[in-house]
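Peer 1: here are the coordinates; sequence isn't available:
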């Protein structure tokens, strides 16, 4: 219509032909040219695409008012700017998040490096991947030496089987809590370690923290030996009845002297209340309970009487 094609739904197919021989895009098509540009016609500016069809000596010309094109370009520009601002905002947010995360990681690393506990990251392949300085302080080996060999080689031979079983539990997403084993030191001695650990199977890594409990183990062993010596000493006394009571008054131990003097064997009296040693009148007066409470409050109680 009016000498050019139109995609409008109300296009009149029977409109009279228009003479566009003086229109610049038409002139260029007549000389075999093709292209795109802005051209003036009838007082308006159009964006025109023109393409000659040589075998039939005619051409295709498509035009759009430049004002509409400018509006479309302006809309695209605004969208591009908005998209750019959105990317800028997202970039700043990601940058701030990564900066915060890096800062937190750095802070965490500083705390781990200052900790007396032994932090580590180990792989499912059996090698340490990262160790804090406490490892070298406790064991004497450098971190490079500890990471150069499978960590099972540093574990006491008697503890390797249980440690390997604990590794399997961790790889199956279970949590290690208060696990104990012994680690080799540079001087050839061994130290006891108390472990807590979790795993991340996707990363094939184990995150763990250990604490040197060698001093506690020595104290526990010395206490056990002291208690055993005292028990042997008390059990060997036959001239005196020596026995212990629990907080509620049940007999907790029974030596040879008590068995000889009172006549009860250990399996007959341990667990019974000590009030069984008192005569009926003392039981009615609540004497056993009174003496027990006084001993608990003051730390001792002494009296002579029939038992």
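Peer 2: Thanks, I have the structure now. Everything numeric in this text was worked out from a predicted model, so none of it was measured. Numbers count the residues shown, from 1 in each chain.
Peer 1: Surely residue 33 touches residue 52?
Peer 2: Yes. With contact defined as CB atoms under 8 Å, residue 33 counts as touching residue 52 (7.3 Å). For every residue, glycine as well, the C-beta is placed using N, CA and C.
Peer 1: Of these two, which one has the most company?
Peer 2: Applying other CB atoms under 10 Å to residue 33 and residue 52 shows that residue 52 carries more neighbours, namely 19 against 13.
Peer 1: part of a strand, is that one?
Peer 2: Yes. Judged by DSSP: H, G, I helix; E, B strand; the rest coil, residue 52 forms part of a strand.
Peer 1: Tell me how far it lies from residue 278.
Peer 2: Computed as CB to CB, to the nearest Å, the residue 52 to residue 278 distance reads 129 Å.
Peer 1: Strands of the stretch 201-307 of the chain, residue ranges please.
Peer 2: 205-212 (DSSP state E, counting those that start in this stretch).
Peer 1: Tell me where the model's unsure across it.
Peer 2: For the stretch 201-307 of the chain, the stretches with pLDDT under 70 are 232-238, 305-307.
Peer 1: Apply 80 and report the result again.
Peer 2: For the stretch 201-307 of the chain, applying pLDDT under 80 flags the ranges 225-242, 300-307.
Peer 1: Now do the helices in it.
Peer 2: Secondary structure of the stretch 201-307 of the chain, counting by DSSP state H, counting those that start in this stretch: helices at 214-235, 256-262, 266-269, 280-284, 287-298.
Peer 1: if we compare the ones you listed, which one ends up closest to residue 130?
Peer 2: Taking CB to CB, helix 214-235 is the member of the helices of the stretch 201-307 of the chain nearest to residue 130, at 23.6 Å.
Peer 1: Give me the helices and strands touching the closest one, please.
Peer 2: On a contact count with 3 or more CB pairs under 8 Å, 6 or more residues apart in numbering; DSSP states H and E, helix 214-235 meets strand 190-200.
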